[in-house]
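**Student:** Sequence plus the predicted model coming up.
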Amino acid sequence: MPTTPLLVIISGFPATGKTYLAQELSKKYKLPLFYKDAFKEMMYDNFGRLPEREESWFMGKCSNQTLEIVSKELLSKGISHIIESNFSPEIMNPYLKELRKNLEFKCLQIHLTCDKDVLLDRFMKRSQSQNIHPGHQGMRFIEEVKENMGKIQGVPFDIDSERVVLDTTSLKDLKYDLVFDALKKYSL
C-alpha cells in the first residue's frame with residue numbers, strides 16, 4: 001500500500017531563515033525542495049533589466065503559482081516534498097482547500113517568525129550583501145517592506161495540519177528540535 005505523501009510548507013517573512021531551513025530539511029530527509037526565489041531569480045535573469053515594482057510583484061506571484069503547480073503534480077503522484085516562500089494566506093488558503101478536496105496528503109506547516117527590529121536589521125544587511133541576487137530589491141521598496149513586516153508573521157494557513165512556529169530572533173540559540181520532532185511522525 002502506497003504511503004500518503006507529505007507536503008511540508010515553510011513560510012515566514014524574508015530574512016527569517018526559511019530557505020536555509022528548507023535546504024537543511026531537504027538534505028536531511030532527501031525531500032525535493034521548491035522555493036519561490038529559485039523561480040523568481042530565473043525570471044529576473046531573463047528579464048533583461050531591473051523590473052519596476054509591479055513587474056517584480058508579478059514575478060513573485062508567478063513564482064508562487066509555479067510552486068502550486070509543481071506541488072499539485074507531485075502530490076498527485078504520491079511524492080512528498082517541501083515548498084518554501086513568504087506565502088500570502090489570502091492566496092494559499094483557497095489553493096490548499098482545493099488541494100485537500102482533490103488529493104490525499106499529510107501536511108506540516110513550519111512558520112518562521114522574528115522580532116521586527118531584528119528582522120529589519122537582518123533584512124537591511126542581507127539587502128546590502130554582495131552575495132545576494134540582484135532580483136532581491138528590498139532596499140528599493142524599504143518603506144513598503146517596513147510596513148508589511150508585522151502583518152504576515154504568525155499566520156498559519158487554514159488547512160488541517162500540524163503546525164510548528166519557530167522564532168528565529170536569536171540565531172545563536174536557535175534549535176530546530178520542534179521541526180525534527182514533528183517530522184519524526186512521518187515515514188520519510
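**Tutor:** Looks like it arrived, so ask away. Numbering: from 1, shown residues only.
**Student:** can you map out the strands along this protein?
**Tutor:** Counting by DSSP state E, the chain has strands at residues 6-12, 33-35, 81-85, 106-113, 162-167.
**Student:** So which of those strands is the most surrounded?
**Tutor:** Ranked by mean neighbour count, these are led by strand 6-12 with a mean of 25 (mean count of other C-beta atoms under 10 Å). The way it works is simple: take the backbone N, C-alpha and C, and place the C-beta from them, glycine included.
**Student:** That one pairs with which strands?
**Tutor:** Sheet pairing of strand 6-12 (DSSP bridges) gives strand 81-85 (parallel), strand 106-113 (parallel).
**Student:** which residues sit against it?
**Tutor:** Strand 6-12 has contacts (C-beta atoms under 8 Å, 6 or more residues apart in numbering) with 18, 21-22, 25, 31, 71, 75, 80-87, 92, 99, 105-114, 152-153, 157, 161, 168, 183, 186, 188.
**Student:** that older thread, format the strands paired with strand 6-12 as JSON lines; extra columns: distance to Leu7 and mean pLDDT.
**Tutor:** Listed next are the strands paired with strand 6-12 as JSON lines, based on distance: least, C-beta to C-beta, whole Å; pLDDT from 0 to 100:
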{"stretch": "strand 81-85", "distance to Leu7": "7", "mean pLDDT": "94"}
{"stretch": "strand 106-113", "distance to Leu7": "5", "mean pLDDT": "92"}
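**Student:** can you redo those strands as CSV with distance to Glu41?
**Tutor:** Converted to CSV, these look like this (distance: least, C-beta to C-beta, whole Å):
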stretch, distance to Glu41
strand 81-85, 13
strand 106-113, 20
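**Student:** Could you say which one of the ones you listed comes nearest to Glu54?
**Tutor:** Ranking the strands paired with strand 6-12 by proximity to Glu54 (C-beta to C-beta) places strand 81-85 first, at 19.1 Å.
**Student:** Excluding sequence neighbours, find me the nearest residue to Gly17.
**Tutor:** Thr168 (4.7 Å; C-beta to C-beta, 6 or more residues apart in numbering).
**Student:** what do you get for Ser26?
**Tutor:** Leaving aside its sequence neighbours, Ser26 sits nearest to Leu33 (C-beta to C-beta, 6+ apart; 3.8 Å).
**Student:** Help me confirm that that neighbour comes into contact with Ile82.
**Tutor:** Yes: counting by C-beta atoms under 8 Å, Ile82 is a contact partner of Leu33 at 4.6 Å.
**Student:** List the contacts of the closest residue in space to Thr66 that isn't next to it in sequence.
**Tutor:** Once flanking residues are discounted, Thr66 sits nearest to Phe39: 4.9 Å by C-beta to C-beta, 6+ apart. Neighbouring residues of Phe39 by C-beta under 8 Å, 6+ apart: Cys62, Ser63, Thr66, Leu67.
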